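In: Mind folding the following:
(chains A and B)
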Amino acid sequence: MNMKRYLKDARSDLLTYAGVIIAFLIISTLKSHGALNRSQSGLLVPICCYIVMAVSLNLTVGILGDLSLGHAGFMSVGAFSGVVTAMSLMNVIPSAPARLALAMLVGAVCAAIVGFLVGIPVLRLNGDYLAIVTLAFGEIIKELITCLIVGVDSEGLHVIFNVNGSKTANDLTLLDGGRIIIKGAQGATGTKTIASFTAGFILIMITLVIVQNLIRSRHGRAIMAVRDNRIAADSVGIPVTKYKMMAFVTSASLAGAAGALFGLNYSNLAAAKFDFNTSILVLVFVVLGGLGNIWGSIIATVILYILPEALRGFANYRMLIYAIVLIVVMLTTNNPVLKNYIASLRSKFSKDSEKEASAS
Amino acid sequence: MKKVFAFALVLAMVFALAVPAYADGSFKIGAQGPLTGGAAIYGNAVMNAARIAVDEINAAGGTQFEFQAQDDEADSGDKAINAYNTLMDWGMQILLGPVTSGSGITVAAQAFDERTFLLTPSGSSVDLIADKDNAFQVCFTDPNQGIASADYFAENFAGAKVGVIYRNDDAYSQGIRDTFVKEAADKGVEIVYEGTFTDATSTDFNVQLTAARDAGADLLFLPIYYTPASVILQQANQMGYKPTFFGVDGMDGILTVENFDTSLAEGVYLLTPFSADAEDARTQAFVAEYQKRYGEIPNQFAADGYDAVYIIKAALEAAGCTPDMSPEEICEAVIAVMPTLKVDGVTGEGMTWAATGEVSKAPMAIVIKDGAYVTP
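Out: Sure, this is the predicted structure:
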């Protein structure tokens, strides 16, 4: 790789970090001065989660080039394993941030394991077939978690797998002072909410470091080679399955960490939340931000997540307007005239900044 | 750097400011429910009816309300909380909703922590009100329908031999059956037969029906949804077994089953909180106004929403609340008076509440006659 290209990549990576850090500083300053109202500050943590979801999905869809429709499944695994971890260790680890960090770690590890297991059959497939299998996986995870009943007491964790719907939380036979953590179809209830915006920011930064470094590394180039031409990559000795698995598992584990953060932000969370629609929502963020474009995923997520909330003024028409905005954005960003115009602006802008740099 | 700066500016603009205020002559009622998406029919019915009630109350003078409805898409996670937060920013003092149980459980937990009073028109899950002193219901909880049915039998079908057919892999059906059997024993209702089925065996009921007939059951209680109920009605007709059939709110919809001969449903009783054909002046006025405004007959969700506004009015007046009070103050004051209230509405006369949040009201049974619901 030539030096110029390397510098360009490094600069865009650094700009991404800088942008996220500055946005975080501005928003947390606004927040600490009470300049954000409730609905705005309530959006911060889910936005962080969805940014991590979008960036990690971009790794699978944009960098690896495999269409995954079950990303919410990994989020679900992370969410419920994270909630169980945080709730069952409530007495052992009194510090909320430490518990949150551990929960996110456990969520990431569990999702990575599931990602690995799913990856074994899935990554043998290509294109449409892979998309369908990941879609099925997302639904299976949803159904499995709907069957889970989990509680904790002084004797440890109690887990029932409620296959035929005949069991209830009472069958856990918890001792006095025990807590029910997951109640089957109703999901995690009574969760102590410990998620924070700062944790979300840190998770985004970790995600960016992992994903951007992976992309720029030798492994990342191998992954992109697999995307661009699998047969050619195979013929020059790149172990295709290994690199596919690397990208897929990394993506799954980051989604798991995001899920844990999301799960610990709401006192009640049902498995049905992480359905096909959520997977598609994240995919829309990725596609709109540009496949393979990390910076684009972040901005698209922020705008598209805020949009339905900002459109509340339109009452019943808001989802209609949201859909229209989506269509318009998709059309305009793919319009060749506009694309050329933006590209010309860009080159002008970078010339300007080069001049500034050389002048100073 | 310019790019970053521009991005920061955009963010700052998106996050524009708003501060809630609690002092002008009217209470702010916020309502949330699904206004878009698959469950929108429920949310919109509640909001439409609630608007009628608010307009009526405001026109009558006295307590004045401002009303705002927000969409939660029947989501049980972030969107439910987003809608709730939006309402709180607006200055909501009391919450009417959420309309669906899933959103309700999430929002009720948050409202409990923040001390906001909420009255759900139609969230029937027990978990919505469990362990929360600030959450109250207008509709029956699922198991309470069993109690109401047994009470109705004791009063109106004295001496009947009752058979029960229920689905034992469904929490709804099992829950109603459990409380029904318990209450029936207390009230002296004789149960001569109990038959079960599961989702997998919900297409053939000949065994259960034969056993029920042999046991001499002349009243068949069906705490199940209308699809298997339609099969039972058909097969009972084929074998010439003609008991009185009695369903609960899951039976609502029996007349809409495809390829079902609705004449078989003639004479079927069902327990529903609301019948648009009821002849009392209150219901008729409500139905007429709803039809005039929205061009359709209100369903039971609309009726629940309409009653909810009047219940909130009665509670605020009984607690002596004033529009300048904060949501926390109103919450504590209203919680204290809820168990002492008695409200007449279109979904029941003399509704009262337990401190747990459960409603107690006379069950309204209706019977199907000439393809329509009428009060027996």
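
In: make it CA atoms for all contacts and neighbour counts henceforth
Out: Noted.

In: Let me know the pLDDT of the most centrally placed residue in chain A.
Out: Central residue of chain A (Cα atoms, centre = their mean): A:Met53, 1.2 Å from the mean position. Reading off the confidence values, A:Met53 has pLDDT 97.

In: Likewise for B:Val231?
Out: At B:Val231, pLDDT is 92.

In: Also the one 3 residues further on?
Out: pLDDT, B:Gln234: 92.

In: now swap in A:Ser166 and tell me
Out: So, for A:Ser166, pLDDT stands at 63.

In: Where does pLDDT dip in the chain?
Out: Just so you know, I chose chain A. A:1-2, A:164-166, A:350-360 (pLDDT under 70).

In: wait, I meant chain B there
Out: Scanning chain B for pLDDT under 70 picks out B:1-24, B:171.

In: how about the strands of the stretch 101-250 of chain B, start to end?
Out: B:118-120, B:135-137, B:161-167, B:190-197, B:219-222, B:244-247 (DSSP state E, counting those that start in this stretch).

In: Helix or strand: which one has the residue nearest to the centre of chain A?
Out: helix A:38-58 (DSSP states H and E).

In: Show me where the stretch 251-360 of chain A has its helices.
Out: For the stretch 251-360 of chain A, the helices defined by DSSP state H, counting those that start in this stretch cover A:276-289, A:294-310, A:318-333, A:336-359.

In: Now do the contacts for A:Tyr243.
Out: A:His219, A:Ala222, A:Ile223, A:Val226 (Cα atoms under 8 Å, 6 or more residues apart in numbering or on different chains).

In: still on that earlier bit, between the strands of the stretch 101-250 of chain B, which gets nearest to A:Met330?
Out: strand B:118-120 (39.6 Å; Cα to Cα).

In: how near is the spatially closest residue to B:Gln208 that is not a sequence neighbour to B:Trp90?
Out: Leaving aside its chain neighbours, B:Gln208 sits nearest to B:Gly195 (5.7 Å; criterion: Cα to Cα, 6 or more residues apart in numbering or on different chains). Distance of B:Gly195 to B:Trp90, given as Cα to Cα, to the nearest Å: 52 Å.

In: These two: which has the busier surroundings?
Out: A count of neighbours by other Cα atoms under 10 Å in any protein chain shown puts B:Trp90 above the other of B:Gly195 and B:Trp90, at 21 against 16.

In: report the longest helix in the chain, please.
Out: Going with chain A. Longest helix in chain A, counting residues (DSSP state H): helix A:3-32.

In: Correction: the question concerned chain B.
Out: Per DSSP H, chain B has its longest helix at helix B:40-60.

In: With adjacent residues omitted, what lies nearest to whichever residue of the stretch 1-150 of chain A sits closest to chain B?
Out: As assessed by Cα to the nearest Cα, chain B sits closest to A:Ser39 within the stretch 1-150 of chain A, at 4.6 Å. Of all residues beyond its chain neighbours, the one nearest A:Ser39 is B:Asn85 (4.6 Å), with distances taken as Cα to Cα, 6+ apart.

In: repeat for A:Met104
Out: That would be A:Ala257: by Cα to Cα, 6+ apart, it lies 4.6 Å from A:Met104.

In: List the buried residues in whatever helix or strand comes next after the helix holding A:Met53.
Out: As assigned by DSSP H and E, the chain's next helix or strand after helix A:38-58 is helix A:71-88. Of the residues in helix A:71-88, A:71-88 count as buried by neighbour count, 16 or more other Cα atoms under 10 Å in any protein chain shown.

In: Mind giving me the packing neighbours of the helix or strand following helix A:71-88?
Out: Counting by DSSP H and E, the next helix or strand C-terminal to helix A:71-88 is helix A:96-122. Judged by 3 or more Cα pairs under 8 Å, 6 or more residues apart in numbering or on different chains; DSSP states H and E, helix A:96-122 is in contact with helix A:71-88, helix A:127-146, helix A:240-263.

In: Which elements pack onto the second one?
Out: If contacts are counted by 3+ Cα pairs under 8 Å, 6+ apart, helix A:127-146 sits against helix A:71-88, helix A:96-122, helix A:276-289.

In: any chance of the ones you listed in CSV, plus distance to B:Asp127?
Out: Listed next are those as CSV, based on distance: least, Cα to Cα, whole Å:
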stretch, distance to B:Asp127
helix A:71-88, 19
helix A:96-122, 26
helix A:276-289, 25
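
In: Now do the contacts for the residue lying closest to A:Gln186 once chain neighbours are set aside.
Out: Excluding the flanking residues, the one nearest A:Gln186 by Cα to Cα, 6+ apart is A:Ala270, at 5.3 Å. A:Ala270 makes contact with A:Ala185, A:Gln186, A:Gly187, A:Ala188, B:Ser76, B:Gly77, B:Gly102, according to Cα under 8 Å, 6+ apart.

In: got it, and B:Gly253?
Out: B:Gly253 makes contacts with B:Tyr226, as judged by Cα under 8 Å, 6+ apart.

In: so which of the strands of the stretch 101-250 of chain B comes closest to A:Gly107?
Out: That would be strand B:135-137 among the strands of the stretch 101-250 of chain B, by Cα to Cα, at 32.5 Å.

In: strand partners of the closest one, parallel vs antiparallel please.
Out: strand B:118-120 (parallel) (DSSP bridges).

In: circling back: would you mark the buried spots in the helix holding A:Met53?
Out: For helix A:38-58, using 16+ other Cα under 10 Å, the buried residues are A:38-58.

In: same check, this time on stretch B:66-85
Out: Quick answer for stretch B:66-85 (16+ other Cα under 10 Å): B:67-85.

In: Among the residues you listed, which ones are in strands?
Out: Mapping those onto strands (DSSP state E) picks out B:Phe67, B:Gln68, B:Ala69, B:Gln70, B:Asp71.

In: Go through these and name the one nearest A:Thr16.
Out: B:Asp71 (34.1 Å).

In: Relative to chain A, how far out is the closest one?
Out: Separation of B:Asp71 from chain A (Cα to the nearest Cα, to the nearest Å) stands at 8 Å.

In: isn't that residue right next to B:Tyr84, touching?
Out: No - applying Cα atoms under 8 Å, one finds B:Asp71 not in contact with B:Tyr84, separated by 9.3 Å.

In: shared neighbours of these two, anything?
Out: B:Gln32.

In: Could you report the neighbour count for the residue in the stretch 101-250 of chain B that chain A sits nearest to?
Out: Proximity of the stretch 101-250 of chain B to chain A (Cα to the nearest Cα) peaks at B:Thr106, 4.9 Å away. B:Thr106 has 26 neighbours, counted by other Cα under 10 Å.

In: That one against A:Ser267, yeah?
Out: Yes - if you go by Cα under 8 Å, B:Thr106 and A:Ser267 touch, sitting 6.4 Å apart.

In: how far away is B:Val287 from B:Ala40?
Out: From B:Val287 over to B:Ala40 (counting by Cα to Cα), the distance is 20 Å.

In: So if I had to pick from the two, which one is more boxed in?
Out: B:Val287 (24 against 19).

In: In terms of helices and strands, where is the more buried one?
Out: Applying DSSP H and E, one finds B:Val287 within helix B:281-294.

In: can you dump the C-alpha coordinates of that helix into PDB?
Out: Extracted in PDB, the C-alpha atoms of helix B:281-294 (Å, rounded to 0.1, in the frame of the first residue of the first chain):
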ATOM      1  CA  ALA B 281     -78.400   6.800  28.100                       C
ATOM      2  CA  ARG B 282     -74.600   7.100  28.800                       C
ATOM      3  CA  THR B 283     -73.600   4.400  26.300                       C
ATOM      4  CA  GLN B 284     -76.100   5.600  23.700                       C
ATOM      5  CA  ALA B 285     -74.800   9.200  23.900                       C
ATOM      6  CA  PHE B 286     -71.200   8.000  23.700                       C
ATOM      7  CA  VAL B 287     -71.900   5.700  20.700                       C
ATOM      8  CA  ALA B 288     -73.800   8.400  18.900                       C
ATOM      9  CA  GLU B 289     -71.000  11.000  19.400                       C
ATOM     10  CA  TYR B 290     -68.300   8.500  18.400                       C
ATOM     11  CA  GLN B 291     -70.200   7.600  15.200                       C
ATOM     12  CA  LYS B 292     -70.800  11.200  14.400                       C
ATOM     13  CA  ARG B 293     -67.100  12.100  14.800                       C
ATOM     14  CA  TYR B 294     -65.300   9.000  13.400                       C
END
